[in-house]
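> here are the coordinates; sequence isn't available:
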Ligand SMILES: NC(=O)c1ccc[n+]([C@@H]2O[C@H](COP(=O)([O-])OP(=O)(O)OC[C@H]3O[C@@H](n4cnc5c(N)ncnc54)[C@H](O)[C@@H]3O)[C@@H](O)[C@H]2O)c1
Ligand SMILES: [Zn+2]
């Protein structure tokens, strides 16, 4: 199934404090029972300074995300992407895990969380010490050659791009999700891309673009994790992207309770046993303290 967007959820009425407290208690009970599989999204990293697409600070009104078809089919689109991404990458590389990532790592360490699947490409779960993590949509800190399949560190490409573009400068007008930034169009034409050092092929960040399939083996692995879970905990995702939402549908199909912590509505709400509408940086440390002491 291609990674594609679908209709977003209708707005959720504002949560009152008593309802939030009751939902947090129900969530703590679910987590204390163990066997939790986490499905995280961009909302978990906003408190680390990486914007999401659809939250209140979301960037969906700005640049449309790059599609696989545009990237592979249009050298100019590719050049523009790398120019923007070359600058945006610095912001992602500088980001540090927040209290939410650390709380998930603690729950994992204590064995209550048995699997972590993230839609994020920023590596912040791992930076907080959580292992293993399934990077459903890949990692921005790796680069893939579309011709020979070689994977290489993003840092290496960063050096090569900096050398090839010494003197090239552009004014960043906005920072977008996925390590992308908005730039005025004109300076992009002076940007030079570089090719694979092994075969001269086309380089792409090792992330699943919109319009591209998540590798089948990775999806199967996540299916197994969810099917063996006692509960599925969604953190900071609108679930607008089907490649994440399908795990909520799978859990619901098997009668596995779904809990969601997200500010604002998600497509998973109708399937959820527990919904907490509050900031993750507040909810998750309290949850970890309650569940593991
Ligand atoms: N950090 C990253 O790696 C990153 C960032 C942006 C987008 N992406 C990619 O884009 C896709 C976006 O889909 P998505 O569902 O993950 O994100 P999304 O932007 O569609 O939804 C994020 C949700 O999180 C909520 N949110 C934001 N900050 C929050 C906070 N502090 N506490 C609680 N809730 C908060 C928002 O209100 C929103 O509903 C993903 O598939 C991902 O690959 C990745
Ligand atoms: Zn190559």
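Cool, got the structure. The model shown is predicted, which means the values in this text are computed figures rather than measured ones. Ligands and ions are numbered 1, 2, ... in the order given.

> and for residue 236, nearest residue in space, chain neighbours not counted?
Take residue 236 and drop its neighbours on the chain: the residue closest to it by Cβ to Cβ, 6 or more residues apart in numbering is residue 43, 2.4 Å away. From N, CA and C alone the C-beta is placed, and that goes for glycine too.

> state the distance from the one you found to residue 37.
17 Å (Cβ to Cβ, to the nearest Å).

> just residue 130 next, same as before
13 Å.

> identify the contacts common to these two.
Common contact partners of residue 130 and residue 37 (Cβ atoms under 8 Å, 6 or more residues apart in numbering): residue 116.

> helices of the stretch 101-250 of the chain, residue ranges please.
Counting by DSSP state H, counting those that start in this stretch, the stretch 101-250 of the chain has helices at residues 124-127, 154-164, 216-227, 242-253.

> picking that back up, quick one: which of residue 43 and residue 37 has more around it?
The neighbour comparison of residue 43 against residue 37 (other Cβ atoms under 10 Å) goes to residue 43, with 27 against 24.

> thought the more buried one was touching residue 277?
No - the pair residue 43 / residue 277 is not scored as a contact, 11.4 Å apart, by Cβ atoms under 8 Å.

> intersection of neighbour lists for those two?
262, 263.

> wait, residue 290 sits on residue 29?
No - using Cβ under 8 Å, residue 290 is not in contact with residue 29, being 9.5 Å away.

> for residue 68, what are its contacts?
Residue 68 neighbours (Cβ under 8 Å, 6+ apart): 209, 210, 211, 212.

> and the longest strand seen in the chain with ligand 1, contact?
For the chain, the longest strand by residue count, based on DSSP state E, is strand 138-145. No - Strand 138-145 lies out of reach of ligand 1 by Cβ under 6 Å from any ligand atom, never closer than 6.9 Å.

> and that strand, is it in reach of ligand 2?
Yes - Strand 138-145 lies within reach of ligand 2 by Cβ under 5 Å from the ion, at residue 145.

> that strand pairs with which strands?
strand 151-153 (antiparallel), strand 203-207 (antiparallel) (DSSP bridges).

> what distance do you get for residue 209 to residue 146?
11 Å.

> who has more neighbours out of the two?
residue 209 (21 against 12).

> excluding sequence neighbours, find me the nearest residue to the more buried one.
Counting by Cβ to Cβ, 6+ apart, the residue nearest residue 209 is residue 68, at 4.1 Å.

> swap in residue 96?
With Cβ to Cβ, 6+ apart as the criterion, residue 96 has its nearest non-adjacent residue at 6.1 Å, and that residue is residue 48.
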